[in-house]
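K.L.:
test case, fold it:
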Amino acid sequence: MLPGLHRIKRVKGARAFEYWYAWRGGPQVLAAKASNPRALAREVARQAPAAIDAYKHAIKDAKARPVDELTLYGLITQYLGLMASDRNLAPRTKADRRKHLDTVRTELGDLTLTALTAPKARAFLLDWRDKRSKTPKTADELLGALSLVLNWAVNRGKLGLNPAANFPRLYEVNRADIVWEPHHLETILAHADPAIAGAIRLAAVTGLRKNDLIALPWSAVRDNAIVWQTGKSRGRKTVVIPITDDVRAVLEDLKPSDCLTLLATSDGAPWKPPGNGLDSGVRRARIDADTYAREHRGRDASAGLEGLRFHDLRGTAAANFIRAGLPLDDVATILGWELDRVREIARRYVTGEAIGLGMIARLQETRNREGTVKPSVKPDPVGEAKVPQTLT
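P.N.:
As a prediction, the model looks like this:
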């Protein structure tokens, strides 16, 4: 009925989504979401008449204004057409970027490329962004998406410069020095289901992101390290995580079963990406912890977990690696962080004495492994525990 219409359907957790675009790379004419496919079909039917009208207007506008290289509208349309076939971008990234660029194209599409190279172009774009200052993150994402298009145009000789390059951000969030400390972990683990507790503990000792945690297979666990290609890099980057005593202890508690991944749900099945069930379990544990605190310490009491996110367990892993004696630059490499960020974690959460003891322990372990020095004391049985044969 609608020639050239580009339709996208996807399911995310317990939600279903459908998007219509006038053509591949064209403007969005329908965006529907619902709790299940049947409800989604009803929502699409409800929006369809308006979407058809929007489609007709978009086709009419496209015919009246042919896609060319003279306007921002045409530039964005070309970019979206190429982006659709880019296999290096995740579907979620494409959907989010397309949504932002639809807004930019609608509001700024009439700008000529000549106007974009004018001296006041940067100030104009910043003023346009600042009109959305009440939602600073979204405002920055819109201008960021536009900047990507302009960079693409500059690299291909379509534009002389990018007036939005390195623009100052409205939304600044720095969580570099936020970590789950031992008392936070003790609190959340006391109220978490076993499957959730295992995920929290594994995140706190490996520093892996949630999507990598739930996909991590037992085959990635070697004798002395976890070797894994991260999802964020789409398999292009291999992370090597040394199996410290803390990591080994968690691995031994995550007893291998029929599940191929280290983490499994309470039913013994792998977590489904993007891990909404895991997020829900962490929220339940936090709620239970707060409820317990109010029942035992008064109605205004809390568990003290405010402001902490699952992602902040990466900082906890950084502190644990530092205490284990890993050099700061190695910790930065494992986590993919700037060295200054690791130094801040060390300064705030790890004492110099702890770092020194960890380095001595690592040096002693290396010498013992090479057979150059025999241990002078009986080794700690916990530290000497081996990963079960099924892990290797």
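
K.L.:
for the stretch 1-150 of the chain, give me the ranges with low pLDDT.
P.N.:
Within the stretch 1-150 of the chain, the stretches with pLDDT under 70 are 1, 13, 25, 62-69.

K.L.:
all the strands of it, residue numbers only.
P.N.:
6-12, 15-21, 28-34 (DSSP state E, counting those that start in this stretch).

K.L.:
a markdown table please, covering these and showing mean neighbour count and distance to Thr71.
P.N.:
(C-beta placed from N, C-alpha, C; glycine too.) Shown next, in a markdown table, are those (neighbours: other Cβ atoms under 10 Å; distance: least, Cβ to Cβ, whole Å):
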| stretch | mean neighbour count | distance to Thr71 |
| --- | --- | --- |
| strand 6-12 | 13 | 21 |
| strand 15-21 | 19 | 19 |
| strand 28-34 | 19 | 19 |
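
K.L.:
now for those, which one comes closest to Asp140?
P.N.:
Nearest to Asp140, of all these, is strand 28-34, at 20.6 Å by Cβ to Cβ.

K.L.:
which strands and helices lie in contact with that closest one?
P.N.:
Applying 3 or more Cβ pairs under 8 Å, 6 or more residues apart in numbering; DSSP states H and E, one finds that strand 28-34 makes contact with strand 15-21, helix 37-64, helix 91-108.

K.L.:
and the longest one with strand 6-12, angle?
P.N.:
So that's helix 37-64. Here helix 37-64 runs at an angle of 150 degrees relative to strand 6-12 (axes from the mean of the first three to the mean of the last three Cα atoms, to 10 degrees).

K.L.:
need the contact list for the closest residue to Thr71 other than its chain neighbours.
P.N.:
Using Cβ to Cβ, 6 or more residues apart in numbering and skipping residues adjacent in sequence, the residue nearest Thr71 is Thr112, 5.8 Å away. With contact set as Cβ atoms under 8 Å, 6 or more residues apart in numbering, Thr112 has these partners: 70-72.

K.L.:
most tightly surrounded among the helices and strands packed on strand 28-34?
P.N.:
Mean neighbours per residue, mean count of other Cβ atoms under 10 Å, is largest over the helices and strands packed on strand 28-34 for strand 15-21, with a mean of 19.

K.L.:
now the helices and strands packed on strand 28-34 in JSON lines, with distance to Phe167?
P.N.:
What follows is these, written out as JSON lines (distance: least, Cβ to Cβ, whole Å):
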{"stretch": "strand 15-21", "distance to Phe167": "27"}
{"stretch": "helix 37-64", "distance to Phe167": "29"}
{"stretch": "helix 91-108", "distance to Phe167": "14"}
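
K.L.:
which of those sits closest to Ala190?
P.N.:
For the helices and strands packed on strand 28-34, proximity to Ala190 was assessed by Cβ to Cβ; strand 15-21 is nearest, at 31.4 Å.

K.L.:
let's verify Trp152: helix, strand, or coil?
P.N.:
Using DSSP: H, G, I helix; E, B strand; the rest coil, the structure places Trp152 in helix.

K.L.:
so it sits right up against Tyr79, yeah?
P.N.:
Yes: here Trp152 reaches Tyr79: they are 5.7 Å apart, a contact under Cβ atoms under 8 Å.

K.L.:
neighbour-wise, which of the two wins?
P.N.:
Applying other Cβ atoms under 10 Å to Trp152 and Tyr79 shows that Tyr79 carries more neighbours, namely 22 against 18.

K.L.:
wait, that one sits on His100?
P.N.:
No: Tyr79 lies out of contact with His100 (Cβ under 8 Å); the separation is 11.8 Å.
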